[in-house]
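Enquirer: quick one, structure for this:
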Amino acid sequence: MRRPNNRALVLMFGVAAVAAVLVAGAFLLFAGSSCGCAKASKASRARGDTGRSVLATCTEASCPVNRVQPYFTASSVSSGGVCSAGCAVVGQQLSVTPGSWSNSPTSFGYQWEDCSTSAGSSTGVQISSSNGTGYWMTLPVTGSCSDASGAGATSSTYTVGSSDVGKALTVVVTARNGSGSASTSPSGSCDTGLMTTQAPAQTQSEMAGPPASTYFDNGQPGCSPISAVVGTAQFGTGTSGEHFCTNAPVTCGFADIANTGPAVGTTLYGVPGTCTSPSGPGSGCGNTGSGWSYSGGAIHLTSGATLKDVVYKGQLNISGVSNVTIEDNEITESGENNYIMTVGGGSSNVAIEYNDLSGLDASTAGDGCDAAIYEEGGDPATDDTNVTVSNNDVWFCSATMNDIFSGTWTIDSNYIHDFAYAESSKGNHFDGVQMEGNVEGPNNQQPLNFYNNTDLMDMYQTSPLILSNDGTSGAETNRQITHNLLAGGDYCIYVAGTSSDPTTDSTFSKNDCSSIYIGANKTGSADEGGAFGYDVYWTSNTNTWSGNVWDDTGTSAGP
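Expert: Okay, the predicted model is just below:
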């Protein structure tokens with residue numbers, strides 16, 4: 001795993017026109033102000049590089065104004081999901097950035113608080129009354145808060161103690177300058193953690209009612225970040241383990257804005273506006289890697305290439321090349337059958353890491369991408385091997401990764417959220433990651449590892465994670481599904497299989513399923529996760545199921 005990200009804003013210089021996404025925000029309240037900033041004007045969200053909101057100017061020009069919400073720094077977690085630092089576990093430390101403020105604060109103050117978090121409730125809007133599926137849910141609620149008593153309660157780093165168990169930790173950040181101070185708010189107008197209350201327009205029109213969906217899961221300015229509910233250990237049920245990880249996934253060792261996408265301060269170069277190859281034209285294009293060039297409306301890669309620090313709208317073909325690294329880029333594409341990246345034709349040793357990958361506009365059907373990463377079929381004798389997809393921030397796609405079937409793939413610590421239609425007829429199916437059965441050939445039954453990902457599907461079908469065998473002739477085998485935060489779809493985990501090709505020799509462990517979108521189909525309460533439940537088509541047929549829980553309550557989830 002590379003360095004923690006802890007990013008705020010990615011800087012772009014020399015970039016050709018890139019479409020911006022504007023989403024209406026909420027009215028925000030500041031607490032503890034002493035310079036006339038108690039009430040801020042209505043905010044607007046502008047998607048550039050991070051999706052964070054930009055707050056309108058305060059009523060007093062000299063007052064500090066929070067423009068990027070404070071957020072937790074990255075945690076340290078193993079491939080088995082074990083968090084060694086930065087999680088909401090007794091004995092570990094949580095650290096927070098102050099966020100971004102205007103009007104040049106000269107200092108920051110911090111106050112950590114213990115807060116209650118409760119599950120959302122049914123909106124009363126059923127997904128489909130004809131087939132008895134679940135109800136859309138409201139978001140979790142931050143309740144009463146009181147000052148925390150652990151070590152570092154008034155600093156940017158806090159040591160989680162036994163007195164915090166069963167509560168979520170938030171930190172109020174106060175910015176000061178010569179004119180006074182302004183503070184973020186831990187409750188009231190704020191949603192929990194990184195969640196906002198906007199719903200995709202196409203879902204509202206299709207469902208004739210507003211689902212409890214997120215829209216840019218990246219927080220509101222003026223609000224304080226809130227951690228998962230603290231546990232005495234990372235795993236376990238009830239207060240013994242962390243839960244409500246959707247408050248801030250990184251505090252459970254999952255992916256979110258703290259550890260995905262290009263790092264803070266990265267300069268991104270427009271292709272083709274600034275650079276058409278690492279040698280230029282343009283100053284500093286040599287920072288963009290090697291072994292690539294732009295011509296004929298596309299970027300072309302050779303074996304051994306590195307593509308980094310670019311902004312590019314278009315498809316990237318990684319087929320038939322080896323030893324290629326794609327890192328720290330912002331790449332967009334939209335439309336049916338348009339894939340941001342295609343891997344295939346015997347590619348090997350490919351690393352796709354720390355990128356922003358997205359469609360263009362979730363509110364306009366047809367502007368989403370069909371898939372962010374797609375594996376095309378090839379000769380079984382030269383199936384793709386050693387492909388790593390890690391620490392990418394992916395949004396506005398109908399499928400994040402599709403037809404992943406061959407060789408050895410490792411998919412870890414990706415933040416997948418805010419799905420979108422890729423065709424105007426709204427005929428897409430939605431899958432976070434679709435794995436296919438192993439094809440025949442020398443790489444048959446090679447392992448596929450899926451761990452530490454956050455996959456929040458704000459659509460009702462099909463699944464954040466589906467193990468399918470509808471496009472290949474083989475069964476799903478050697479799938480390691482460990483420590484992922486999942487929500488939405490028909491089921492959190494869709495373990496497809498047939499009597500002739502069942503899923504075998506696979507592990508499903510330590511996965512959290514959240515009911516932030518969909519509640520139980522009979523009562524509208526929590527612990528449903530998908531429109532029909534946690535999982536489907538599970539069989540113990542040489543497979544292992546252990547330590548999987550409902551994120552909202554921390555209770556065990558059985559297959």
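Enquirer: give the buried residues for stretch 337-356.
Expert: Across stretch 337-356, burial judged by 16 or more other CB atoms under 10 Å covers 338-356. Yep, even glycine has a C-beta here, placed from its N, CA and C like the rest.
Enquirer: could you list the low-pLDDT ranges of this structure?
Expert: Applying pLDDT under 70 to the chain flags residues 1-60, 128-133, 187-219, 377-383, 438-445, 470-474, 497-500, 520-528.
Enquirer: all the helices of it, in order from the start?
Expert: Here the chain has its helices, by DSSP state H, at 201-207.
Enquirer: and the spatially most central residue of it, bridged to which residues?
Expert: By CA atoms, centre = their mean, the chain has its centre lying nearest to residue 415, at 2.4 Å. For residue 415, the beta-bridge partners are residue 393, residue 454 (DSSP bridges).
Enquirer: quick check: it touching residue 394?
Expert: Yes. At 6.9 Å, residue 415 and residue 394 qualify as touching, with contact defined as CB atoms under 8 Å.
Enquirer: re earlier: residues contacting the residue nearest to the centre of the chain?
Expert: Contacts here follow CB atoms under 8 Å, 6 or more residues apart in numbering; on that basis residue 415 touches 217, 249, 255, 256, 257, 260, 261, 392, 393, 394, 453, 454.
Enquirer: against residue 229, how distant is it?
Expert: 20 Å (CB to CB, to the nearest Å).
Enquirer: and what of residue 94?
Expert: Separation of residue 94 from residue 229 (CB to CB): 13 Å.
Enquirer: swap in residue 459?
Expert: Going from residue 459 to residue 229 by CB to CB gives 26 Å.
Enquirer: please apply the same query to residue 482.
Expert: For residue 482, the distance to residue 229 (CB to CB) stands at 21 Å.
Enquirer: how about residue 142?
Expert: For residue 142 relative to residue 229 (CB to CB), the value is 11 Å.
Enquirer: ditto for residue 153
Expert: Distance, residue 153 to residue 229, using CB to CB: 18 Å.
Enquirer: same check on residue 406?
Expert: 40 Å.
Enquirer: chain neighbours aside, what residue packs nearest to residue 143?
Expert: Distance criterion CB to CB, 6 or more residues apart in numbering; nearest residue to residue 143, sequence neighbours excluded, is residue 116 at 3.7 Å.
Enquirer: neighbours around that neighbour, how many?
Expert: Counted with other CB atoms under 10 Å, the neighbours of residue 116 add up to 15.
Enquirer: list the residues that contact it.
Expert: Here residue 116 is in contact with 142, 143, 144, 145, 167, 168 (criterion: CB under 8 Å, 6+ apart).
Enquirer: can you give me the strands in the stretch 351-500 of the chain?
Expert: Under the criterion DSSP state E, counting those that start in this stretch, strands of the stretch 351-500 of the chain are mapped to 356-358, 369-375, 385-390, 393-395, 397-404, 409-412, 415-417, 431-435, 448-451, 454-456, 463-467, 479-482, 485-487, 491-495.
Enquirer: now those strands in TSV, with distance to residue 546?
Expert: What follows is those, written out as TSV (distance: least, CB to CB, whole Å):
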stretch	distance to residue 546
strand 356-358	32
strand 369-375	29
strand 385-390	24
strand 393-395	28
strand 397-404	24
strand 409-412	19
strand 415-417	24
strand 431-435	20
strand 448-451	14
strand 454-456	20
strand 463-467	17
strand 479-482	10
strand 485-487	16
strand 491-495	13
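Enquirer: so which of those strands comes closest to residue 121?
Expert: strand 485-487 (16.0 Å; CB to CB).
Enquirer: end to end on stretch 84-99, go ahead and measure it.
Expert: Stretch 84-99 has an end-to-end distance of 24 Å (CA to CA, to the nearest Å).
Enquirer: swap that for stretch 315-328, sorry
Expert: End-to-end distance of stretch 315-328 (CA to CA): 16 Å.
Enquirer: now swap in stretch 235-251 and tell me
Expert: End residues of stretch 235-251 are separated by 13 Å (CA to CA).
Enquirer: in it, which residues are buried?
Expert: For stretch 235-251, using 16+ other CB under 10 Å, the buried residues are 235-237, 239, 241-251.
Enquirer: which residues touch residue 540?
Expert: residue 559.
Enquirer: quick check on it: phi, psi?
Expert: When read as degrees, to the nearest 10, the backbone of residue 540 gives phi -80, psi 0.
Enquirer: partner residues bridging the closest residue to residue 123 other than its chain neighbours?
Expert: Closest residue to residue 123 apart from its sequence neighbours, by CB to CB, 6+ apart: residue 136 at 4.7 Å. Note on residue 136: beta-bridge partners residue 518, judged by DSSP bridges.
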